[in-house]
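Colleague: starting from these lines, generate the structure:
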Amino acid sequence: MNQIVKRRCHAGTAAAGATSHRCPSPERAAGAAVRAAFLASVPVLLLSGGLAGSVAAADFPSKAIRMVIPFAPGGSNDIVGRMVGQQLQERVGQPVIIDNRGGAGGVIGTELVARAAPDGYTLLIVSVAFAFNPALYKLSYDSVKSFTPIAMVGSGPNVLVVNPQLPVTSVKELIAYARANPNKLNLASAGIGSFQHLSGELFTRMAKVQMTHVPFKGGGPAMTDVIAGQSQVTIGSLIQMQGHIRSGRLRPLGVGSLKRNPTLPDVPSINESALPGYEAANWWGLVGPAGLPGPIVARLNKEVNASLLSPETQKRLEGEGAVATPMTPAEFGKIIVNDIARWGQVVREAGIKAE
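Modeller: Numbers count the residues shown, from 1 in each chain. Below is the predicted model:
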(Lines give C-alpha, C1' and ligand atoms only; values in the text may rest on other atoms or scores of the structure.)
Protein backbone atom coordinates (compact mmCIF):
# COMPACT_ATOMS: atom_id res chain seq x y z
CA MET A 1 0.00 0.00 0.00
CA ASN A 2 1.32 3.42 -0.91
CA GLN A 3 1.86 5.72 2.00
CA ILE A 4 -0.70 8.49 2.29
CA VAL A 5 0.60 11.77 3.67
CA LYS A 6 -1.75 14.43 4.93
CA ARG A 7 -0.92 18.04 4.05
CA ARG A 8 -2.57 21.09 5.55
CA CYS A 9 -2.92 24.58 4.10
CA HIS A 10 0.21 26.48 5.14
CA ALA A 11 -0.17 29.84 6.88
CA GLY A 12 2.72 32.28 6.46
CA THR A 13 3.12 35.92 7.41
CA ALA A 14 3.06 38.18 4.35
CA ALA A 15 3.11 41.42 6.30
CA ALA A 16 2.50 42.61 9.83
CA GLY A 17 -1.01 41.59 10.82
CA ALA A 18 -1.64 39.88 7.48
CA THR A 19 -1.66 36.15 6.70
CA SER A 20 -1.29 34.44 3.32
CA HIS A 21 -2.58 30.84 2.66
CA ARG A 22 -1.28 28.16 0.27
CA CYS A 23 -4.20 25.72 -0.18
CA PRO A 24 -4.15 22.36 -2.02
CA SER A 25 -4.12 22.35 -5.77
CA PRO A 26 -7.25 21.03 -7.54
CA GLU A 27 -5.41 17.70 -8.14
CA ARG A 28 -4.61 17.30 -4.45
CA ALA A 29 -8.13 18.27 -3.50
CA ALA A 30 -9.47 15.63 -5.87
CA GLY A 31 -7.14 13.02 -4.34
CA ALA A 32 -8.33 13.90 -0.86
CA ALA A 33 -11.90 13.50 -2.00
CA VAL A 34 -11.17 10.03 -3.39
CA ARG A 35 -9.49 9.01 -0.14
CA ALA A 36 -12.41 10.30 1.91
CA ALA A 37 -14.82 8.37 -0.28
CA PHE A 38 -12.76 5.17 0.18
CA LEU A 39 -12.68 5.55 3.95
CA ALA A 40 -16.41 6.14 3.97
CA SER A 41 -16.88 2.87 2.12
CA VAL A 42 -14.81 0.74 4.58
CA PRO A 43 -17.61 0.25 7.12
CA VAL A 44 -19.88 -0.93 4.31
CA LEU A 45 -17.23 -3.38 3.06
CA LEU A 46 -16.60 -4.70 6.57
CA LEU A 47 -20.33 -5.06 7.19
CA SER A 48 -20.88 -6.95 3.96
CA GLY A 49 -17.89 -9.21 4.79
CA GLY A 50 -19.31 -9.90 8.22
CA LEU A 51 -22.68 -10.75 6.73
CA ALA A 52 -21.02 -13.07 4.25
CA GLY A 53 -19.16 -14.76 7.10
CA SER A 54 -22.40 -15.20 9.03
CA VAL A 55 -24.08 -16.73 6.01
CA ALA A 56 -21.13 -19.11 5.52
CA ALA A 57 -21.29 -20.12 9.19
CA ALA A 58 -25.04 -20.72 8.93
CA ASP A 59 -24.47 -23.08 6.00
CA PHE A 60 -21.53 -24.85 7.68
CA PRO A 61 -20.63 -27.51 6.82
CA SER A 62 -21.56 -27.69 3.15
CA LYS A 63 -18.75 -30.06 2.13
CA ALA A 64 -16.31 -32.60 3.53
CA ILE A 65 -14.20 -31.69 6.57
CA ARG A 66 -10.53 -32.62 6.66
CA MET A 67 -9.32 -33.76 10.08
CA VAL A 68 -5.52 -33.81 10.34
CA ILE A 69 -3.94 -36.22 12.85
CA PRO A 70 -0.27 -35.22 13.23
CA PHE A 71 0.90 -38.74 14.05
CA ALA A 72 1.00 -42.13 12.33
CA PRO A 73 -2.00 -44.50 12.41
CA GLY A 74 -2.40 -46.69 15.48
CA GLY A 75 -1.45 -44.24 18.23
CA SER A 76 -3.78 -42.65 20.76
CA ASN A 77 -4.18 -39.48 18.66
CA ASP A 78 -5.29 -41.63 15.76
CA ILE A 79 -7.73 -43.67 17.87
CA VAL A 80 -9.33 -40.58 19.41
CA GLY A 81 -9.27 -38.64 16.13
CA ARG A 82 -11.07 -41.37 14.21
CA MET A 83 -13.67 -41.67 16.95
CA VAL A 84 -14.27 -37.90 16.92
CA GLY A 85 -14.35 -37.87 13.11
CA GLN A 86 -16.96 -40.62 12.96
CA GLN A 87 -19.16 -38.96 15.58
CA LEU A 88 -18.83 -35.54 13.93
CA GLN A 89 -19.63 -36.96 10.51
CA GLU A 90 -22.85 -38.50 11.82
CA ARG A 91 -23.92 -35.30 13.54
CA VAL A 92 -23.20 -32.75 10.79
CA GLY A 93 -24.15 -34.87 7.78
CA GLN A 94 -20.91 -34.33 5.86
CA PRO A 95 -17.89 -36.63 5.38
CA VAL A 96 -14.95 -36.20 7.78
CA ILE A 97 -11.77 -37.28 6.03
CA ILE A 98 -8.91 -38.44 8.27
CA ASP A 99 -5.47 -37.27 7.16
CA ASN A 100 -2.52 -38.75 9.09
CA ARG A 101 0.51 -36.44 8.80
CA GLY A 102 3.13 -37.82 11.20
CA GLY A 103 6.65 -36.59 11.82
CA ALA A 104 8.71 -34.19 13.95
CA GLY A 105 6.71 -34.86 17.11
CA GLY A 106 3.50 -33.71 15.43
CA VAL A 107 4.94 -30.48 14.00
CA ILE A 108 4.46 -31.40 10.32
CA GLY A 109 0.71 -31.93 10.56
CA THR A 110 0.27 -29.04 12.96
CA GLU A 111 2.08 -26.66 10.64
CA LEU A 112 -0.19 -27.70 7.79
CA VAL A 113 -3.30 -26.70 9.75
CA ALA A 114 -1.72 -23.44 10.94
CA ARG A 115 -1.45 -22.40 7.27
CA ALA A 116 -4.96 -23.55 6.33
CA ALA A 117 -7.86 -21.23 5.62
CA PRO A 118 -9.92 -20.47 8.76
CA ASP A 119 -13.16 -21.77 7.29
CA GLY A 120 -13.77 -24.82 9.49
CA TYR A 121 -12.93 -27.37 6.79
CA THR A 122 -9.42 -28.14 8.05
CA LEU A 123 -9.19 -29.21 11.69
CA LEU A 124 -6.44 -30.66 13.88
CA ILE A 125 -6.47 -33.31 16.58
CA VAL A 126 -4.05 -32.25 19.33
CA SER A 127 -2.82 -33.91 22.49
CA VAL A 128 -0.63 -32.92 25.40
CA ALA A 129 2.29 -33.25 22.95
CA PHE A 130 1.02 -29.98 21.45
CA ALA A 131 2.28 -28.34 24.65
CA PHE A 132 5.82 -29.73 24.33
CA ASN A 133 6.70 -28.48 20.88
CA PRO A 134 7.32 -24.80 21.66
CA ALA A 135 10.16 -25.89 23.99
CA LEU A 136 11.55 -28.43 21.52
CA TYR A 137 11.36 -26.90 18.06
CA LYS A 138 11.84 -23.62 16.29
CA LEU A 139 8.30 -23.38 15.01
CA SER A 140 6.93 -21.45 12.06
CA TYR A 141 3.72 -20.93 14.01
CA ASP A 142 2.70 -19.84 17.49
CA SER A 143 1.08 -22.68 19.42
CA VAL A 144 -1.42 -20.29 20.98
CA LYS A 145 -1.88 -17.43 18.52
CA SER A 146 -1.92 -19.55 15.35
CA PHE A 147 -4.86 -21.72 16.43
CA THR A 148 -8.45 -21.55 17.61
CA PRO A 149 -9.39 -23.93 20.47
CA ILE A 150 -12.61 -25.78 19.66
CA ALA A 151 -13.20 -28.63 22.10
CA MET A 152 -11.45 -30.93 24.52
CA VAL A 153 -12.30 -34.58 23.94
CA GLY A 154 -10.90 -36.64 26.78
CA SER A 155 -8.02 -37.43 29.09
CA GLY A 156 -6.33 -40.58 30.33
CA PRO A 157 -3.11 -41.83 31.92
CA ASN A 158 -0.10 -43.37 30.29
CA VAL A 159 0.74 -46.96 31.17
CA LEU A 160 4.16 -48.59 31.51
CA VAL A 161 4.20 -51.85 29.54
CA VAL A 162 6.85 -54.42 28.64
CA ASN A 163 7.19 -57.31 26.25
CA PRO A 164 5.89 -60.41 28.07
CA GLN A 165 9.20 -62.19 27.50
CA LEU A 166 11.00 -59.71 29.74
CA PRO A 167 11.45 -61.38 33.17
CA VAL A 168 9.79 -58.63 35.22
CA THR A 169 6.25 -58.37 36.63
CA SER A 170 6.37 -55.08 38.56
CA VAL A 171 7.80 -51.59 38.32
CA LYS A 172 10.29 -52.34 41.09
CA GLU A 173 11.49 -55.46 39.26
CA LEU A 174 11.90 -53.45 36.04
CA ILE A 175 13.96 -50.83 37.87
CA ALA A 176 16.15 -53.52 39.41
CA TYR A 177 16.62 -55.24 36.04
CA ALA A 178 17.48 -51.93 34.33
CA ARG A 179 20.03 -51.06 37.02
CA ALA A 180 21.67 -54.45 36.57
CA ASN A 181 21.65 -54.07 32.78
CA PRO A 182 22.31 -50.38 31.98
CA ASN A 183 21.36 -49.34 28.44
CA LYS A 184 20.45 -52.92 27.47
CA LEU A 185 16.71 -52.24 27.49
CA ASN A 186 15.24 -50.42 24.49
CA LEU A 187 12.65 -47.83 25.48
CA ALA A 188 10.38 -47.16 22.48
CA SER A 189 8.53 -43.87 22.04
CA ALA A 190 6.36 -42.06 19.51
CA GLY A 191 9.29 -39.80 18.64
CA ILE A 192 11.66 -37.28 20.18
CA GLY A 193 9.61 -34.78 22.15
CA SER A 194 6.50 -36.96 22.19
CA PHE A 195 4.58 -37.56 25.39
CA GLN A 196 5.90 -41.12 25.42
CA HIS A 197 9.43 -39.75 25.27
CA LEU A 198 8.89 -37.27 28.10
CA SER A 199 7.05 -39.87 30.18
CA GLY A 200 9.96 -42.27 29.69
CA GLU A 201 12.53 -39.57 30.41
CA LEU A 202 10.74 -38.66 33.61
CA PHE A 203 10.62 -42.34 34.61
CA THR A 204 14.31 -43.07 33.98
CA ARG A 205 15.40 -39.88 35.76
CA MET A 206 13.25 -40.58 38.81
CA ALA A 207 14.22 -44.29 38.86
CA LYS A 208 17.90 -43.48 38.25
CA VAL A 209 18.22 -46.05 35.47
CA GLN A 210 19.62 -45.97 31.94
CA MET A 211 17.72 -47.27 28.92
CA THR A 212 18.29 -46.80 25.19
CA HIS A 213 15.67 -44.49 23.71
CA VAL A 214 14.27 -45.71 20.37
CA PRO A 215 12.06 -43.04 18.75
CA PHE A 216 9.43 -43.83 16.10
CA LYS A 217 7.04 -41.69 14.06
CA GLY A 218 4.02 -42.38 16.20
CA GLY A 219 2.80 -44.45 19.12
CA GLY A 220 1.53 -47.26 16.91
CA PRO A 221 4.95 -48.21 15.47
CA ALA A 222 6.54 -47.92 18.94
CA MET A 223 3.96 -50.27 20.42
CA THR A 224 4.40 -52.72 17.54
CA ASP A 225 8.15 -52.78 18.13
CA VAL A 226 7.65 -53.74 21.77
CA ILE A 227 5.16 -56.47 20.82
CA ALA A 228 7.72 -57.81 18.34
CA GLY A 229 10.42 -57.80 21.03
CA GLN A 230 12.85 -55.47 19.25
CA SER A 231 12.18 -52.97 22.04
CA GLN A 232 11.30 -54.17 25.51
CA VAL A 233 9.66 -51.18 27.20
CA THR A 234 7.36 -48.30 26.38
CA ILE A 235 5.20 -45.84 28.30
CA GLY A 236 2.19 -44.99 26.17
CA SER A 237 -1.44 -44.01 26.35
CA LEU A 238 -3.73 -46.53 28.02
CA ILE A 239 -6.30 -45.90 25.29
CA GLN A 240 -3.73 -47.09 22.77
CA MET A 241 -2.39 -50.04 24.77
CA GLN A 242 -5.62 -51.46 26.18
CA GLY A 243 -6.44 -53.92 23.41
CA HIS A 244 -2.96 -55.44 23.40
CA ILE A 245 -2.94 -55.64 27.19
CA ARG A 246 -6.16 -57.62 27.07
CA SER A 247 -4.77 -59.96 24.43
CA GLY A 248 -1.64 -60.60 26.48
CA ARG A 249 0.75 -59.19 23.89
CA LEU A 250 1.82 -56.47 26.32
CA ARG A 251 2.32 -56.73 30.09
CA PRO A 252 1.26 -53.68 32.13
CA LEU A 253 3.41 -52.81 35.13
CA GLY A 254 2.03 -49.45 36.25
CA VAL A 255 -0.24 -46.57 35.24
CA GLY A 256 0.86 -42.95 35.07
CA SER A 257 -2.03 -41.52 37.08
CA LEU A 258 -1.50 -40.89 40.79
CA LYS A 259 -4.11 -43.55 41.60
CA ARG A 260 -5.16 -46.80 39.95
CA ASN A 261 -7.30 -46.63 36.84
CA PRO A 262 -10.69 -48.40 36.91
CA THR A 263 -9.92 -50.01 33.56
CA LEU A 264 -6.90 -51.80 35.06
CA PRO A 265 -7.87 -52.17 38.73
CA ASP A 266 -5.19 -54.80 39.40
CA VAL A 267 -2.37 -52.65 38.02
CA PRO A 268 -0.90 -50.23 40.57
CA SER A 269 0.10 -46.69 39.76
CA ILE A 270 3.81 -46.02 39.30
CA ASN A 271 3.38 -43.42 42.03
CA GLU A 272 2.16 -45.91 44.64
CA SER A 273 4.27 -48.90 43.66
CA ALA A 274 7.76 -47.49 43.12
CA LEU A 275 8.21 -43.78 42.36
CA PRO A 276 6.23 -41.41 44.61
CA GLY A 277 5.19 -38.29 42.74
CA TYR A 278 5.40 -39.79 39.24
CA GLU A 279 2.50 -38.64 37.06
CA ALA A 280 1.97 -38.73 33.29
CA ALA A 281 -1.53 -38.24 31.87
CA ASN A 282 -2.53 -37.35 28.33
CA TRP A 283 -5.38 -35.32 26.86
CA TRP A 284 -6.83 -34.91 23.38
CA GLY A 285 -8.72 -32.07 21.76
CA LEU A 286 -9.74 -30.33 18.55
CA VAL A 287 -8.43 -27.01 17.22
CA GLY A 288 -8.61 -25.07 13.97
CA PRO A 289 -6.58 -22.30 12.35
CA ALA A 290 -6.52 -18.86 13.95
CA GLY A 291 -9.39 -16.63 12.94
CA LEU A 292 -12.01 -19.37 12.81
CA PRO A 293 -15.40 -17.60 12.89
CA GLY A 294 -17.18 -17.75 16.24
CA PRO A 295 -20.38 -19.34 14.88
CA ILE A 296 -18.37 -22.18 13.32
CA VAL A 297 -16.40 -22.72 16.56
CA ALA A 298 -19.68 -22.78 18.49
CA ARG A 299 -21.23 -25.31 16.07
CA LEU A 300 -18.24 -27.65 16.22
CA ASN A 301 -17.98 -27.36 20.01
CA LYS A 302 -21.67 -28.11 20.35
CA GLU A 303 -21.48 -31.23 18.19
CA VAL A 304 -18.32 -32.60 19.80
CA ASN A 305 -19.64 -32.01 23.33
CA ALA A 306 -22.97 -33.61 22.44
CA SER A 307 -21.19 -36.72 21.22
CA LEU A 308 -19.08 -36.82 24.41
CA LEU A 309 -22.21 -36.71 26.57
CA SER A 310 -23.69 -39.74 24.85
CA PRO A 311 -23.51 -42.93 26.97
CA GLU A 312 -22.09 -44.81 23.97
CA THR A 313 -19.07 -42.49 23.61
CA GLN A 314 -18.45 -42.32 27.36
CA LYS A 315 -18.55 -46.11 27.61
CA ARG A 316 -16.15 -46.43 24.70
CA LEU A 317 -13.66 -43.98 26.22
CA GLU A 318 -13.94 -45.46 29.70
CA GLY A 319 -13.43 -48.94 28.25
CA GLU A 320 -10.08 -47.71 26.97
CA GLY A 321 -9.09 -46.05 30.24
CA ALA A 322 -9.97 -42.47 29.24
CA VAL A 323 -12.59 -40.02 30.49
CA ALA A 324 -14.75 -37.74 28.33
CA THR A 325 -14.10 -34.08 29.19
CA PRO A 326 -16.57 -31.75 27.45
CA MET A 327 -15.86 -28.06 27.99
CA THR A 328 -16.01 -24.65 26.33
CA PRO A 329 -13.41 -23.46 23.82
CA ALA A 330 -12.17 -20.89 26.36
CA GLU A 331 -11.69 -23.54 29.05
CA PHE A 332 -9.77 -25.75 26.63
CA GLY A 333 -7.63 -22.77 25.62
CA LYS A 334 -6.60 -22.23 29.26
CA ILE A 335 -5.49 -25.87 29.55
CA ILE A 336 -3.34 -25.50 26.45
CA VAL A 337 -1.65 -22.35 27.78
CA ASN A 338 -1.03 -23.86 31.22
CA ASP A 339 0.42 -27.10 29.85
CA ILE A 340 2.73 -25.28 27.46
CA ALA A 341 4.29 -23.64 30.52
CA ARG A 342 4.27 -26.80 32.67
CA TRP A 343 5.68 -29.30 30.20
CA GLY A 344 8.02 -26.77 28.67
CA GLN A 345 9.75 -26.63 32.03
CA VAL A 346 10.10 -30.44 32.02
CA VAL A 347 11.68 -30.33 28.56
CA ARG A 348 14.20 -27.71 29.61
CA GLU A 349 15.09 -29.43 32.88
CA ALA A 350 15.60 -32.77 31.08
CA GLY A 351 17.66 -31.11 28.37
CA ILE A 352 15.66 -32.75 25.57
CA LYS A 353 16.55 -31.47 22.11
CA ALA A 354 14.61 -32.22 18.96
CA GLU A 355 16.59 -33.69 16.07
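
Colleague: how about the strands of the stretch 1-150 of the chain, start to end?
Modeller: With DSSP state E, counting those that start in this stretch as the criterion, the stretch 1-150 of the chain has strands at 10-15, 18-22, 65-69, 96-100, 122-127, 147-162.

Colleague: of all these, which lies closest to Met83?
Modeller: With C-beta to C-beta as the criterion, Met83 lies closest to strand 147-162 of those, at 8.1 Å. Every residue, glycine included, has its C-beta placed from N, CA and C.

Colleague: ok, the closest one: who's next to it in the sheet?
Modeller: Its sheet considered, strand 147-162 pairs with strand 233-237 (antiparallel), strand 251-255 (antiparallel), strand 281-289 (antiparallel), strand 323-324 (antiparallel) by DSSP bridges.

Colleague: could you list the low-confidence segments of the stretch 251-355 of the chain?
Modeller: 320, 355 (pLDDT under 70).

Colleague: can you put the strands of the stretch 1-150 of the chain in a markdown table and add mean neighbour count?
Modeller: A markdown table is the format used below for these (neighbours: other C-beta atoms under 10 Å):
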| stretch | mean neighbour count |
| --- | --- |
| strand 10-15 | 9 |
| strand 18-22 | 9 |
| strand 65-69 | 22 |
| strand 96-100 | 17 |
| strand 122-127 | 27 |
| strand 147-162 | 26 |
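
Colleague: now render these as a markdown table, adding mean pLDDT and distance to Thr169.
Modeller: Listed next are the strands of the stretch 1-150 of the chain as a markdown table, based on pLDDT from 0 to 100; distance: least, C-beta to C-beta, whole Å:
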| stretch | mean pLDDT | distance to Thr169 |
| --- | --- | --- |
| strand 10-15 | 38 | 92 |
| strand 18-22 | 38 | 95 |
| strand 65-69 | 98 | 34 |
| strand 96-100 | 98 | 35 |
| strand 122-127 | 96 | 30 |
| strand 147-162 | 95 | 9 |
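
Colleague: any chance of these in JSON lines, with distance to Leu253 too?
Modeller: Shown next, in JSON lines, are the strands of the stretch 1-150 of the chain (distance: least, C-beta to C-beta, whole Å):
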{"stretch": "strand 10-15", "distance to Leu253": "85"}
{"stretch": "strand 18-22", "distance to Leu253": "88"}
{"stretch": "strand 65-69", "distance to Leu253": "28"}
{"stretch": "strand 96-100", "distance to Leu253": "29"}
{"stretch": "strand 122-127", "distance to Leu253": "23"}
{"stretch": "strand 147-162", "distance to Leu253": "5"}
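
Colleague: ok, Val255 touching Pro262?
Modeller: No. If you go by C-beta atoms under 8 Å, Val255 and Pro262 don't touch, sitting 10.4 Å apart.

Colleague: so the two - more neighbours on which side?
Modeller: A count of neighbours by other C-beta atoms under 10 Å puts Val255 above the other of Val255 and Pro262, at 29 against 9.

Colleague: what sits against that one?
Modeller: 157-160, 238, 261, 264, 267-270, 321 (C-beta atoms under 8 Å, 6 or more residues apart in numbering).

Colleague: and if you look at Val84?
Modeller: Taking C-beta under 8 Å, 6+ apart as the test, what Val84 contacts is 67, 125, 153, 286, 304, 307.

Colleague: nearest to Ala354, of these?
Modeller: Ile125 (20.5 Å).

Colleague: can you give me the pLDDT of the residue nearest to that closest one when sequence neighbours are not counted?
Modeller: Distance criterion C-beta to C-beta, 6 or more residues apart in numbering; nearest residue to Ile125, sequence neighbours excluded, is Gly81 at 3.9 Å. Here, the pLDDT recorded for Gly81 equals 93.

Colleague: check Asn163 too.
Modeller: In this prediction Asn163 is given a pLDDT of 98.
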